[in-house]
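Colleague: please find the sequence and the predicted model below.
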Amino acid sequence: MNVEQSSTPPAEPVTAPVAKARRNNKGGALWLLPVAILGGLLAWQWYDTRQQMTELRQDVARRLADAAVVARNEAQAGQQLLERSTALAGRLDAIEATLAEGRDQEEALQALYQDVAKGREEAQLLEIEQAITLAAQQIQLAGNVPVALLALRSADAQLARLDKARHLPLRKALAADISHLNELPLADIPGISLRLEQIVSGVEKFPFIVHGRPVEEASAAVEPDDAPAPWWRLVLSDLWQETRTLIRIQRFDREEPALLAPGQGFFLRENLKLRLLSARLALFARDQWTFRNELSVARSWLERYFSTEDRAVQAAIEQLKELSAAEIIIELPDLRASQQALVGLREGRETR
């Protein structure tokens, strides 16, 4: 027992450190496991991070390579765009130069057109001025209202074709003058002239009064007789015929007609023609006194020297009476309004 008791106590000190060591080992093992797990986690994290960094580097390298390619392509595209822009700039410069040249040509053509239009308008205005001047001359010198009206209407028609607002005063003045001329009484100058011309052409056929002869009765027809007439009857017949030729019996119911020498008839007819032609000239000159005086002298000559029993002479005397009563002097306007409007239009064009 003692041996066992003596032997047992010494055994306790040996097992106690072992147990303590075992307990320490177990505690260290417990601490190593979290460390190992933490180390594994750290290793896995490092590996995963490295993989991600590798992949990131590869992705960045790939993207850089793609960016380099894109940059290179963009550089090429930019170069192409630069070349195209340079070419377009050259074309644009050429187009601008062409446009500038075209603009210059357009301005030159516009100036030429304005010159042509201005020249055409100047020519038309010159024609209008000539028409108004012609109308004024026809009224003042010849009193020819129809020709003056025709000239004024022609001028108004040309102004209507121009259709300019600055021509309205002139057109208004022309309309007023045309209205005044239309209101004038008509003197048939051409008709009177033609009637005088017909009388002049018939002067050669008018018979003189001093050349008249009594109408001889037709001798009775002698019945044919087979027997010859006695000689004394033939002598008496011849004597009777000679006696009849020596004696002329004529009756005048008016004063004694004027006598004319055999060669004066020609000069009388020519002087009568000159009187009628002078009356015609006075008609054209609107000389009322001279016109009536010449017609009066011509009518008196017809009544004195020509046979009034002739129908042609009677008709001529009646026409001369009618023509003497005709009024050939008409108070005509002077077209001053149209002329003043034309002067104003010309001055306005000169100031512009």
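Modeller: Alright, I've got the coordinates.
Colleague: what does the domain assignment say about the protein?
Modeller: Structurally, the chain divides into domains by automatic domain parsing as follows: 100-185+337-351, 189-209+264-329.
Colleague: quickly, which of the ones you listed bottoms out on average pLDDT?
Modeller: Ranked by mean pLDDT, the domains of the chain bottom out at domain 100-185+337-351, which scores a mean of 81.
Colleague: how far off centre is that one?
Modeller: Taking Cα atoms, centre = their mean, to the nearest Å, one finds domain 100-185+337-351 lying 11 Å from the centre of the chain it belongs to.
Colleague: returning to what we had before: out of the domains of the chain, nearest to Gly78?
Modeller: Across the domains of the chain, Gly78 has its closest neighbour in domain 100-185+337-351 (31.2 Å, Cβ to Cβ). Placement of C-beta: from N, CA and C, glycine included.
Colleague: just send the domains of the chain back as a markdown table, with mean neighbour count too.
Modeller: Converted to a markdown table, the domains of the chain look like this (neighbours: other Cβ atoms under 10 Å):
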| stretch | mean neighbour count |
| --- | --- |
| domain 100-185+337-351 | 15 |
| domain 189-209+264-329 | 16 |
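Colleague: want to throw those domains into a markdown table with distance to Arg233?
Modeller: As requested, those are exported to a markdown table (distance: least, Cβ to Cβ, whole Å):
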| stretch | distance to Arg233 |
| --- | --- |
| domain 100-185+337-351 | 76 |
| domain 189-209+264-329 | 39 |
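Colleague: any idea where the helices of the stretch 201-350 of the chain begin and end?
Modeller: 231-246, 264-284, 288-305, 311-325, 336-351 (DSSP state H, counting those that start in this stretch).
Colleague: would you map the helices across the stretch 1-150 of the chain?
Modeller: 2-137, 145-162.
Colleague: ok, which of those comes nearest Arg195?
Modeller: Across those, closest to Arg195 is helix 145-162 (Cβ to Cβ), at 17.9 Å.
Colleague: residues in contact with the closest one?
Modeller: The contact list for helix 145-162 (Cβ atoms under 8 Å, 6 or more residues apart in numbering) reads 121, 124, 127-128, 131-132, 134-136, 138-139, 167, 170-171, 174-175, 177-178, 181-182, 184, 186-187, 330, 332, 335, 338.
Colleague: then stretch 38-58?
Modeller: So stretch 38-58 is in contact with no residue, going by Cβ under 8 Å, 6+ apart.
Colleague: any idea how far it is from the chain center?
Modeller: The answer for stretch 38-58 is 99 Å, by Cα atoms, centre = their mean.
Colleague: could you do stretch 198-209 as well?
Modeller: Computed by Cα atoms, centre = their mean, the chain-centroid distance of stretch 198-209 equals 54 Å.
Colleague: can you give me the end-to-end span of it?
Modeller: Stretch 198-209 has an end-to-end distance of 21 Å (Cα to Cα, to the nearest Å).
Colleague: distance to Arg244 added to the helices of the stretch 1-150 of the chain, as a markdown table?
Modeller: Output for the helices of the stretch 1-150 of the chain, formatted as a markdown table (distance: least, Cβ to Cβ, whole Å):
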| stretch | distance to Arg244 |
| --- | --- |
| helix 2-137 | 68 |
| helix 145-162 | 62 |
